[in-house]
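Enquirer: Predicted model, plus sequence, below.
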Amino acid sequence: MKHLLLAALIALAPLPAAAQEDRQEIVDDVVQNHVLPRFETLAAQAQNLAQTAQADCKADSPVLRAAYGDAFDAWVAASHLRLGPTEVDDRAFALAFWPDSRGVTPRVLAGLIEEEDPIAFSPEDYADVSIAARGFYALEFLLYDERISSLGASGYRCALVRTVSGDIANLSAAILRGWREGYAETMTHPAPDGAYRDTGEALKALFQTLTTGLEFTIDLRLGRPLGTFDHPRPKRAEAWRSGRSARHVMLSLATLGDLAGRLAADAPALHMELDAAVARAAGRLADLDDPIFAGVSDPESRIRIEALQQMVIDIREMVRKDLGPDLGVSAGFNALDGD
Amino acid sequence: MTGWTPGRRGFLAGMLATGLAPRATWADAGAPAFLGAAADAAGGYALCGIGSALDIAFRIPLPGRGHAAATHPDRPLAVAFARRPGAFALVIDCAAGREVARLSAPEGRHFYGHGAFSSDGRWLYTTENVYDAGRGQIGVWDAEGGFARADEFDSGGVGPHDIRRLPGRETLVVANGGIETHPASGRAKLNIPFMRPNLSYIEDGQVIETIEPAPEHHKNSIRHLAVAGDGRVAFGAQWQGAAAQAPLVGFHTRGQAIEMAEPPADALRAMRDYVGSIAFSPDGAQVVATSPRGGVVQVYDARARRLSGALPLRDVSGVAASGGALVVSSGTGLLRRLDDGAERAAEGLRWDNHLVAL
């Protein structure tokens, strides 16, 4: 078998020019009005967090906690956009290593504090520390965890808070620079030798951030605390120490709803349906009035959290079955969800 | 798919089939060249025997979406695995067209979807996740004893996916993909920044050789394997880093270094960081890798490790060589022989992940 027959090159029928232009408009709109503003906000809020930590590094400082909350909000709103600049040097993981199923974050932080490791005295050096001890989830331990926030010498912890905040600011600034100085252009101007060869590829990549973002909320933000009926896991909820678990689901519904709406710009009926589905889920979440999903342990409230999860699953299905084909980016049976 | 449940009836039938009934061979199952799992138009699932003429030799219903199958060397038995993280696998008598036993993963483990038999067909080896410990494991099942659990040993890494036996030996080769998952987090990948995939060779339950990709490729998840008649191993990887930064097709021979094929940049990008399946051509001179995400089949010269051809094929994933034929299968239902281009569109079927050579 020296020569396998590979001659049958199947040229895909090109889309009509009008449809191509519409798709290009959608990509331009998403990059300019969804992606860039989110990374601009993240960079600005992260900068503010770093400055606030310089002024007041105490774990229970209300100004510091407020600045932390604002910056974390900005990250959650951008966290689904795992493309290009977030993937360089593991920046996204360094900003947000969660879930931490092996408890690496508190372990590494405790080690640094107990040894008073001098690496914590500079954000630039700190880039060499384990990813698990960087970013928003590490800072949550330093500000809110009963043990870590009072471990060791307060002066060292203060330096660590400032350094982790400074590192967050550096990472966020680098991601924004990456988008402004190349990646926005790469996505909006596809080229045969570029990362995206045509508009369809760029659109598909943006579409995938929507489906993976929805899956993150379904499987992790909601699925982890739900656990099983016999073993609910409230302490696996995201950012429960700072009381932010439900807030993150709300932020993710809002940001993914915005992205879905922009992607459905040329399908008004679907756009309305998606908006309505997102609003229903957000309403259900607000009605729960349960900031850390403590209700997963109680059969009566649990069923309402499961219903919320199902509503997000329904949104994902609508996105996969209706929006994907509409945009011409639906994945095949095997391409869809891996092995 | 989570609905495969164990049953006592299957176990008893298994005892009968393996112990008392006269022994059937693959000829009794229509002598298929390949097995493939598929979804049908009615929303059901099936395991199909496929002849080298691309004909469907048999079609047996499955209770859920399948992944790969392990085939017994002599008897017409196929062990069909659910997609990961599945807790059950079905042993199917392909001649009788029915289930004869079920494997249930022990408490705290799930299957990854691949398995291999010992050369005499006595033992079945399955790749498993001991998920609370985040450790990879090989389960051993006794095909002569109703597929009872007989033993287990370390896979040599995290996230073992494909497993093969080297020809003419009992040595197993395992693709430890390096990615930690836990059912409590769905299919989310929990350790990407820290992952360390490897290729491990195992004899008598002991890892005898382990080799990792180069450090800058520690996010290249080694997942699928092909073994040539002379023991050379080819593997297909799934890259977890920034797009198109690592080659996806590699080669290894015991005692040597891993050698990656280095395709041109546009050919690498066309694979979308994802190899679905990999197979040697019948003469071992070429290696075929599929990418359902890229919708492309790539052919490599196995000696020069150079890309020698490509074929766009929507949602292509399965590839295997058997009976002198090298066949790919696709989620669109297409079966295609790469040697002469013969095709067959299976009515209403969507071929899942892998084709298994008999």
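Expert: Thanks, I have it. Numbers count the residues shown, from 1 in each chain, chains lettered A, B, ... in the order given.

Enquirer: hey, let's count contacts and neighbours off CA atoms from now on
Expert: Will do.

Enquirer: the bottom helix or strand of the chain by mean pLDDT?
Expert: By default, I'm working from chain A. When the helices and strands of chain A are scored by mean pLDDT, DSSP states H and E, helix A:17-30 comes last with a mean of 88.

Enquirer: Now do that helix: everything it contacts.
Expert: Residues external to helix A:17-30 that are found in contact with it (CA atoms under 8 Å, 6 or more residues apart in numbering or on different chains): A:187-188, A:199-200, A:202-203, A:206, A:259, A:262-263, A:265-266, A:327.

Enquirer: Please apply the same query to stretch A:55-74.
Expert: Here stretch A:55-74 makes contact (CA under 8 Å, 6+ apart) with A:38-39, A:41-42, A:45-46, A:48-49, A:52-53, A:136, A:142-144, A:149, A:158-159, A:161-162, A:248, A:251.

Enquirer: make it 7 Å
Expert: Counting contacts by CA atoms under 7 Å, 6 or more residues apart in numbering or on different chains, the residues outside stretch A:55-74 that touch it are A:38, A:41-42, A:45-46, A:48-49, A:52-53, A:136, A:142-143, A:149, A:158, A:161-162.

Enquirer: Among those residues, which one lies nearest to residue B:260?
Expert: Nearest to residue B:260, judged by CA to CA, of the contacts of stretch A:55-74 is residue A:136 at 37.2 Å.

Enquirer: ok, back up a step: now, which of the contacts of stretch A:55-74 lie close to chain B?
Expert: Contacts with chain B within the contacts of stretch A:55-74, as defined by CA under 7 Å from any CA of the partner chain: none are present.

Enquirer: where's the residue nearest the centre of chain A relative to residue A:223, distance?
Expert: Taking CA atoms, centre = their mean, the centroid of chain A lies closest to residue A:79, which sits 2.0 Å from it. As for residue A:79, its distance to residue A:223 is 18 Å (criterion: CA to CA, to the nearest Å).

Enquirer: Can you name the residues of chain B that neighbour chain A?
Expert: Counting by CA under 7 Å from any CA, the residues of chain B that sit close to chain A are B:184-186, B:190, B:193, B:241-242, B:283, B:292-293, B:309-312, B:315, B:317, B:331, B:338-341, B:352-353.

Enquirer: Which of those fall in strands?
Expert: In strands, judged by DSSP state E, the following of those are found: B:309, B:310, B:311, B:312, B:317, B:352, B:353.

Enquirer: Without its sequence neighbours, what residue ends up closest to the third one?
Expert: In this case it means residue B:311. Sequence neighbours aside, residue B:297 is the residue nearest to residue B:311 in space, at 5.0 Å (criterion: CA to CA, 6 or more residues apart in numbering or on different chains).

Enquirer: Over to the one you found. Which of the three states is it?
Expert: At residue B:297 the chain is in strand, as set by DSSP: H, G, I helix; E, B strand; the rest coil.

Enquirer: any idea how far it is from residue B:343?
Expert: With the distance defined as CA to CA, residue B:297 ends up 15 Å from residue B:343.

Enquirer: contacting residues around residue B:110?
Expert: By CA under 7 Å, 6+ apart, residue B:110 lies in contact with B:85, B:86, B:87, B:128, B:129.

Enquirer: Would you mind listing which of the residues you listed are buried?
Expert: Listed as buried from these are B:85, B:86, B:87, B:128, B:129; burial here means 16 or more other CA atoms under 10 Å in any protein chain shown.

Enquirer: picking that back up, can you flag which of the contacts of stretch A:55-74 belong to helices?
Expert: In this view, those that belong to helices under DSSP state H are A:38, A:41-42, A:45-46, A:48-49, A:52-53, A:136, A:142-143, A:158, A:161-162.

Enquirer: If we only consider these, which is nearest to chain B?
Expert: For these, the closest approach to chain B (CA to the nearest CA) belongs to residue A:136, at 16.2 Å.

Enquirer: That closest one and residue A:96 touch, don't they?
Expert: Yes. The pair residue A:136 / residue A:96 is scored as a contact, 5.8 Å apart, by CA atoms under 7 Å.

Enquirer: list residues touching both of the two?
Expert: Here residue A:136 and residue A:96 share no contacting residue, scored by CA under 7 Å, 6+ apart.

Enquirer: any weak-confidence spans in the chain?
Expert: No chain was given, so I picked chain A. Within chain A, the stretches with pLDDT under 70 are A:1-18.

Enquirer: should've been chain B
Expert: For chain B, applying pLDDT under 70 flags the ranges B:1-22.

Enquirer: got the residue ranges for the helices in it?
Expert: With DSSP H, the ranges of helices along chain B come out as B:8-15, B:265-270.

Enquirer: got the contact list for residue 211?
Expert: I'll assume chain A. residue A:316.

Enquirer: Not quite, go with chain B.
Expert: For residue B:211, the contacting residues are B:198, B:199, B:200, by CA under 7 Å, 6+ apart.

Enquirer: Please repeat the previous calculation with a cut-off of 6 Å.
Expert: If you count contacts by CA atoms under 6 Å, 6 or more residues apart in numbering or on different chains, residue B:211 has them with B:198, B:199.

Enquirer: which residues does it form a beta bridge with?
Expert: residue B:199 (DSSP bridges).

Enquirer: so how far is residue B:268 from it?
Expert: Going from residue B:211 to residue B:268 by CA to CA gives 23 Å.

Enquirer: do the same with residue B:224
Expert: Here residue B:224 is placed at a distance of 17 Å from residue B:268 (CA to CA).
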